[in-house]
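Undergrad: following is a predicted model, sequence given first.
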Amino acid sequence: MNPTLKFVLAVLIALEISFTSSWTVNVILAVIGLVIILAARPGWKRLLSLIFWPLIPAVALAVAILMQSRSTGNTQFAIVLFTRIYAYVFIGSAATLTTPIYELVMSLEQNAHVPTKFAYGFLGGFNLMPKIVTEVKTIRVAALMRGETLHFWSPQLYFKAIIAALRWSENLAEAMTSHGFVEDAPRTHRVTVRIRSRDWIIAIGSLILLQGLLFGLHLA
Amino acid sequence: MAFVKLSDLTIQYQSYDSKVAWPPTIDHLSATFESGTLTLLTGPSGSGKSTLLKTIAGLYPKFGEASVSGSVTIETSSTQPRVAMMFQDPNQQFAMDTVERELRFALENLQVEADKIDDQVQAALDYVGISNLRHRQLNNLSGGEKQKVALAIIVAMDSEVILLDEPFASIDPAARQTLLIKLRQLNQEAHKTVIIADHDLLNYEPYVDGLVRLSDDGHQLRFFDRDAAHDVFEAFKNSAQLDISVTLPQPNEPTAVTLNQTSLIAGDRTLLKPTSFTFPEHRVILLTGINGSGKSTLLRAITNLSNYIGDITVAGVSTSRFHKNQRYQQVGLVFQEADDQFLNVTVAEELALSLKHSRHPEYFQARLDDDLNNLGLADLREHVVYSLSGGQKKKLQILIMLIMATPILLLDEPFTGLDLQSLNTVVALVKDVQQAFKLTLIMISHQLQGLAPLIDYHAVLANQTLTYVEAIR
Amino acid sequence: MSKTNAWHLRDIILLTLIAIFFGVIYWVIGPLYNLLTVALTPVGLGPAANDILMGVWVMAGPLAGYVFRKVGAATLGEFLGAVVEMFFGGQWGASTMISGVVQGLGSELGFALTGYKRYDWTSLGLSVVTTTIVTFGWDLFRNGYAAYHIGLLVALFVIRLASTFIFAGVLTRAITNLLDRTHLLSRRSA
């Protein structure tokens, strides 16, 4: 499916279930998400962590409703909140696990007409991720070597990271410019990303189906 | 065919402090680089070589916070002259994740028709001889491979002028030679005008048409023809030779750092095969090896900044058993990149922090004013560390780590960008502190001149193994 | 940094790098959130963990607003942070992107109310308040806060306000003070 439509669809679904309270719809969405995830064949570790970690906020929200609600016997709403978290996570992961960030950015450039400077600036920055992980480690070790421990509430940690980011952004922007990139200039595309009619049908069909389900279950 | 003409060019960086204007880096410079030549641009570190190249490439004043006056003219037969640039740090010049995508990205930017892109990509990769890298992830390539990819992009873009900013600083000699041969080929067969900036002049002579030296004040470019250049190359070769010898460690010396079947792997390359090796206590050990052999990775492994396989024991404790905070009370690292060392804003704050946690604050407090004077940092106390010159940063960086007086101190290229006088001052300071507190120093340095009085032992990392040798050259 | 609202390649890369950096920080404190939640759940206060740490989640917004001084910087900073977090495989899935926009708009509002003219405690303070209100409004729906009894609601709101004040206010101010003293930002031209 076209990456842009896929992500728009995922966000619209997440938005809609945030404001509706049907646990059956949540379960149906979570199951669909899970099927897509399984089809992408993630590793066991990834799959287990996808199932396990959301359990914590899901249980927390459900228990809180059971214990802290204004009205008693709100089991129904507790189940809604619990299933909602899984719908969010599985729908979201169904989108991220099946879309490399590169393809999403290409689609945003060509289909959503996001300005190229945003598309490639983001992609260039994103590809520096391993360096950033190393940098965070380096900053903390540099501090330890001077007898200081940095925590997530230490301003120096963020300050040093921004100093490094300033330098890298300058270097990368220069490199991209020397590789011919010009802001707002037209570019050709070796690979054309299209939105096929099938993509529209899936996206719009899914949304109609979702409304039908929500409405139908509401009547029932 | 294209020549590069500089007319009355002045480049001045904007100061951090609006009250103080910085002197121009390039000062009313006029010169011409002849069409179809391969020129080596040299000059001391910090003389503005990089600044000059980036201005010729059209990157400044768009980037770099510099103001530029005068003009750069590139005369060429084509209507849109292309100037390409290869950067010093191979890790920060790609926007994409794979080799193929980066090449496509560049060609798409030039609006090459979609159905011609892949052929041009293949042709460029073939030219540089790296077709096998086409589908590789850039992050997994070695420094040398990355620079070859950078060259392939320049070839694909068919730039008339090719500028290289210290491109071989972190790559192995074999890759360097391949790149130089290809550059010479581009220059002679395709008549590209090539300018390479480098302060290290070794092994350039067979490849270049001429040598140009940028003066300290950025005002003059002095051109040397082949004969005159020959003398400069020879003089450099002689100055770079040290030819002294040291003894080998005794087998029963107490050790500071021990590698137990330790191996180092970067991406898919083995840098160090499972090795057992000891660094003796209270000694100064020079660690050398060709670029890209893994020297920095070894120091980072000892400080747990890089992953390793096997075991490393520091001060008698396996690093995996150390509580994190305690480990760094035993071992410190002078980073290759000076900015990584600093935590605060001003020079005075950096000094204060080190004195606060130093093992011997009284000793350093007593000599601090003298040290700062000797290092030329005395008047810079209230300056922002990020506004210091490269050499000043290095000096401050070494000083603040010496003040900590950590028993084991690792130094990764601590002398980069220091002139001879500063170098001697720094070496004397390091030696003083090392002897006062019997520190163990493990030091990587390209720069060997002036180090003789400091070094006890010499370890070489080559062919994925570590050995002690007697000779230093 | 700049007097114009135009975004350039370099700014966008910088913003992305800052967003990724926050992604890494979220990763680092993820276990803390989980521990807090697990500890508070038996008394039915699990969601409070979210409020206690809210300030950390929303820091990227005011920081980006301050660093770039452009319309949309806070929103874009938070949103990119959320996208990165989602690709990392965060615990909140697709709703992360919505939360990112909501949090970003929350902190953006603070800067907007001063007409993007003030970058001091006034705008930062306003931003703290607007962020708290807007994100709380969103959690009334997303996390079902609307069903809680009023006492708990007030308590959660106060906790969230305090957290946002400490991280998105005090800590952000400390970071920007350090940055200001280096003059690195003011030197960067548009």
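TA: Everything's here; your move. Residues are numbered from 1 along each chain as shown, chains lettered A, B, ... in the order given.

Undergrad: spatially nearest residue to the residue of chain A found nearest chain B (excluding sequence neighbours)?
TA: Residue nearest to chain B within chain A (C-beta to the nearest C-beta): residue A:147, separated by 2.8 Å. For the C-beta atoms, the positions are set from N, CA and C on the backbone; glycine is no exception. Closest residue to residue A:147 apart from its sequence neighbours, by C-beta to C-beta, 6 or more residues apart in numbering or on different chains: residue B:357 at 2.8 Å.

Undergrad: ok, that neighbour to residue B:337 distance?
TA: Distance from residue B:357 to residue B:337, counting by C-beta to C-beta, to the nearest Å: 22 Å.

Undergrad: got a list of what residue C:36 touches?
TA: Contacts for residue C:36 (C-beta atoms under 8 Å, 6 or more residues apart in numbering or on different chains) come out as C:48, C:49, C:52, C:53.

Undergrad: which two among those residues are spaced furthest apart?
TA: C:48 and C:53 (9.7 Å; C-beta to C-beta).

Undergrad: which residues touch the closest residue to residue A:54 other than its chain neighbours?
TA: Distance criterion C-beta to C-beta, 6+ apart; nearest residue to residue A:54, sequence neighbours excluded, is residue A:89 at 4.6 Å. With contact taken as C-beta under 8 Å, 6+ apart, residue A:89 is in contact with A:33, A:50, A:54, C:91, C:92, C:93, C:94.

Undergrad: same question, residue B:436
TA: Contact partners of residue B:436, counting by C-beta under 8 Å, 6+ apart, are B:360, B:363.

Undergrad: got the phi and psi for it?
TA: Residue B:436 has phi and psi values of phi -60, psi -40 when expressed as degrees, to the nearest 10.

Undergrad: okay, it: pLDDT?
TA: pLDDT recorded at residue B:436 is 97.

Undergrad: distance to residue B:368 and neighbour count for the contacts of residue A:89 - can I get that in CSV?
TA: Shown next, in CSV, are the contacts of residue A:89 (distance: C-beta to C-beta, whole Å; neighbours: other C-beta atoms under 10 Å in any protein chain shown):
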residue, distance to residue B:368, neighbour count
A:33, 63, 26
A:50, 56, 22
A:54, 55, 23
C:91, 50, 23
C:92, 52, 23
C:93, 55, 27
C:94, 57, 28
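
Undergrad: output these as CSV; include the columns pLDDT, distance to residue A:143 and secondary structure.
TA: Shown next, in CSV, are the contacts of residue A:89 (pLDDT from 0 to 100; distance: C-beta to C-beta, whole Å; DSSP: H, G, I helix; E, B strand; the rest coil):
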residue, pLDDT, distance to residue A:143, secondary structure
A:33, 96, 41, helix
A:50, 91, 34, helix
A:54, 92, 34, coil
C:91, 72, 29, coil
C:92, 77, 31, coil
C:93, 78, 34, coil
C:94, 82, 37, coil
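
Undergrad: out of those, which one sits closest to residue B:85?
TA: residue C:94 (41.5 Å).

Undergrad: burial of the nearest residue in space to residue B:280 that is not next to it in sequence, as a residue count?
TA: Nearest residue to residue B:280 in three dimensions, chain neighbours excluded: residue B:253, at 4.0 Å (C-beta to C-beta, 6+ apart). If you count neighbours by other C-beta atoms under 10 Å in any protein chain shown, residue B:253 ends up with 14.

Undergrad: how about the contacts made by residue B:253?
TA: Per C-beta under 8 Å, 6+ apart, neighbours of residue B:253: B:278, B:280, B:281, B:283.

Undergrad: give me the subset of these lying in strands.
TA: B:278, B:280 (DSSP state E).

Undergrad: list buried residues within the contacts of residue B:253.
TA: Buried residues within the contacts of residue B:253, counting neighbours by 16 or more other C-beta atoms under 10 Å in any protein chain shown: B:278, B:280, B:281, B:283.

Undergrad: before we move on, the earlier item: and the residue nearest to residue B:280, that's in a helix?
TA: No: under DSSP: H, G, I helix; E, B strand; the rest coil, residue B:253 sits outside any helix and is assigned coil.

Undergrad: now it: how far from chain C?
TA: Distance of residue B:253 to chain C, computed by C-beta to the nearest C-beta, to the nearest Å: 41 Å.

Undergrad: so where is the chain shaky, pLDDT-wise?
TA: Using chain A here. A:72-73, A:218-220 (pLDDT under 70).

Undergrad: I was thinking of chain C, sorry if that wasn't clear
TA: For chain C, the stretches with pLDDT under 70 are C:1-3, C:189-190.

Undergrad: can you show me the helices along the chain?
TA: No chain in the question, so chain A it is. Using DSSP state H, the helices found in chain A span residues A:3-18, A:23-39, A:44-52, A:55-68, A:75-97, A:101-110, A:116-126, A:129-145, A:155-178, A:197-219.

Undergrad: try chain C instead
TA: Taking DSSP H as the test, the helices found in chain C are C:9-40, C:48-52, C:54-57, C:60-68, C:73-88, C:95-113, C:121-142, C:150-164, C:172-182, C:184-187.

Undergrad: flag every buried residue along the last one.
TA: With burial defined by 16+ other C-beta under 10 Å, the residues of helix C:184-187 counted as buried are C:184, C:185, C:187.

Undergrad: with these in mind, which one is nearest to residue B:292?
TA: residue C:184 (31.5 Å).

Undergrad: find the closest residue to chain B in chain C.
TA: residue C:183 (4.1 Å).

Undergrad: can you count the residues close to the closest residue to that residue other than its chain neighbours?
TA: Nearest residue to residue C:183 in three dimensions, chain neighbours excluded: residue B:16, at 4.1 Å (C-beta to C-beta, 6+ apart). Residues contacting residue B:16 under the criterion other C-beta under 10 Å number 17.

Undergrad: pretty sure residue B:16 sits in a strand.
TA: No: per three-state DSSP, residue B:16 lies outside any strand segment and is coil.

Undergrad: what does the model give it for pLDDT?
TA: 70.

Undergrad: isn't it up against residue C:181?
TA: No: the pair residue B:16 / residue C:181 is not scored as a contact, 10.0 Å apart, by C-beta atoms under 8 Å.
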